[in-house]
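K.L.:
how would this look folded up:
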Amino acid sequence: MAGIRIDNVRKSYGPVEVLKGFSLDIRDGEFVVLVGPSGCGKSTMLKILAGLEPASSGTIRIGTRDVTDVAPGARDIAMVFQNYALYPHLTVARNMGFGLKMRGMPKAEIERRVRDAARILDVEHLLDRRPRQLSGGQRQRVALGRAIVREPQAFLMDEPLSNLDAKLRVHMRAEISALHKRLGVTTIYVTHDQVEAMTMADRIVLMRDGEIQQIADPDTMYARPANIFVAGFIGAPGMNFLSARRVGEDRVVLFGQEIPLPAASGRMTGATDTLVLGLRPENISMHAGPVAFEARLLLVESLGSDKYVHAAVPEENRAPRTAMSGQDHARRGDTLVARLINPGPIGPGGSTRLSFDPADLHVFDPGTGAALR
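P.N.:
Next up is the predicted model:
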């Protein structure tokens, strides 16, 4: 096992810069998730770590070794792919031990490692089967087993659950988390799914357009997003964004009411006339609260005990388009979504009274998108 240090890695394909100075220190035994929308550069970074793609510039160290120009097979890492990459004509046991055989390891040692990995992953009864005889979840376990038998310094996982159905994804992400805790091997995991990132990571690295937007543990990233993009990406349903007119350093007008802003973080400066406020759906309720407003219901989605309520936002409170442009995971501000717990009968077409506590608001600069509070 080993820590990993990535220092100012850049990657360009002709004039297109895919990675724009990626730097990250990963502690020995840490589970780090690279997450972001398609095309943000996360899989490219993983391939550079694996040695499958050369970096245009920058350095990579695994443990004490500089592996920037080292061949993939000599980096002492193991990669798990989203399509499993199993040999269809080989049994499970031979698939798991194939890499060790190619390295010239003695047969007895290969069999021992395969048996140990199969026991950990509960696939001992599948060792004589071929991939076509396995379910998707079983194939993924075999792919994990092939990585485990190598006893590498680090695991690299490229969207390993994307081919599984929703129920199996939930089960497998719990299994991978438990496996990491058991083995303690440094793991870098790539996904576009923020739920996977939030539930599995020790730290999340959220990327956009080849740049890191924020590095933090899941709770910190959720509670204190660095900017509008992070705030809109993390959380389901996404954060609501509203425009508010400033009437002082610590007060704004929202829904026609003058309300206080949350306690300052020291970055609230300038004379901006408007601010973008963020409000998470779960911080909105139908109970009496400090700030209450009438909402015109557009859509109600029932999830059993929860309901997602989509309500129209008055024109004057819609977040500026300039602050949201190009940020696919940030809501555009035309509707407000509330997540209501056991709200009772409620349907679209009418109106209801909703409320929230101003202490739950996030404050963003409408020009840069940076978090102010």
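K.L.:
Mind naming the longest helix for the protein?
P.N.:
helix 166-183 (DSSP state H).
K.L.:
What number of neighbouring residues does residue 303 come out with?
P.N.:
8 (other Cβ atoms under 10 Å). Quick note: C-beta positions are derived from backbone N, CA and C, even for glycine.
K.L.:
What are the buried residues along the longest helix of the chain?
P.N.:
169, 172, 173, 175, 176, 177, 179, 180 (16 or more other Cβ atoms under 10 Å).
K.L.:
what sits against the fourth one?
P.N.:
It stands for residue 175. If you count contacts by Cβ atoms under 8 Å, 6 or more residues apart in numbering, residue 175 has them with residue 141.
K.L.:
Determine the next helix or strand in the C-terminal direction from the lowest-mean-pLDDT helix or strand in the chain.
P.N.:
Scoring the helices and strands of the chain by mean pLDDT, DSSP states H and E places helix 321-324 at the bottom, with a mean of 56. Beyond helix 321-324 in the direction of the C-terminus, DSSP states H and E gives the next helix or strand as strand 335-341.
K.L.:
How far away from the center of its chain is that following strand?
P.N.:
With Cα atoms, centre = their mean, to the nearest Å as the basis, the distance from the averaged C-alpha position of strand 335-341 to the chain average is 22 Å.
K.L.:
what does that strand contact?
P.N.:
The set of residues external to strand 335-341 that reach it, using Cβ under 8 Å, 6+ apart, is 237-238, 240, 242, 279, 281-282, 284-286, 295, 298, 305-313, 331, 346, 354.
K.L.:
part of a helix, is residue 99?
P.N.:
Yes - under the criterion used here (DSSP: H, G, I helix; E, B strand; the rest coil), residue 99 sits inside a helix.
K.L.:
now it, nearest residue through space, not along the chain?
P.N.:
residue 150 (6.1 Å; Cβ to Cβ, 6 or more residues apart in numbering).
K.L.:
pretty sure the one you found is touching residue 75, no?
P.N.:
No - applying Cβ atoms under 8 Å as the test, residue 150 and residue 75 come out as separate, 11.1 Å apart.
K.L.:
List the contacts of the closest residue to residue 97 other than its chain neighbours.
P.N.:
The shortest distance from residue 97 to any non-neighbouring residue, by Cβ to Cβ, 6+ apart, is to residue 110 (4.3 Å). The neighbourhood of residue 110, defined by Cβ under 8 Å, 6+ apart, consists of 97, 100, 101, 149.
K.L.:
Give me the distance between residue 110 and residue 146.
P.N.:
Separation of residue 110 from residue 146 (Cβ to Cβ, to the nearest Å) stands at 12 Å.
K.L.:
Ok, residue 93 next?
P.N.:
Taken as Cβ to Cβ, the spacing of residue 93 relative to residue 146 amounts to 11 Å.
K.L.:
Look at residue 85 and give its secondary structure.
P.N.:
Following three-state DSSP, the label given to residue 85 is coil.
K.L.:
cool, and the one 10 residues further on?
P.N.:
Each residue gets one of three states, and residue 95 gets helix by three-state DSSP.
K.L.:
for it, what are its contacts?
P.N.:
86, 87, 131, 142, 146.
K.L.:
again with residue 358
P.N.:
Under the criterion of Cβ under 8 Å, 6+ apart, the contact partners of residue 358 comprise 259, 260, 261, 262, 290, 291.
K.L.:
Torsion angles phi and psi at the fourth one?
P.N.:
Main-chain dihedrals, residue 262, degrees, to the nearest 10: phi -60, psi 170.
K.L.:
Please, where are all the helices along the protein?
P.N.:
Taking DSSP H, the helices of the chain run over residues 42-50, 92-102, 107-121, 136-148, 166-183, 194-200, 218-223, 228-233, 321-324.
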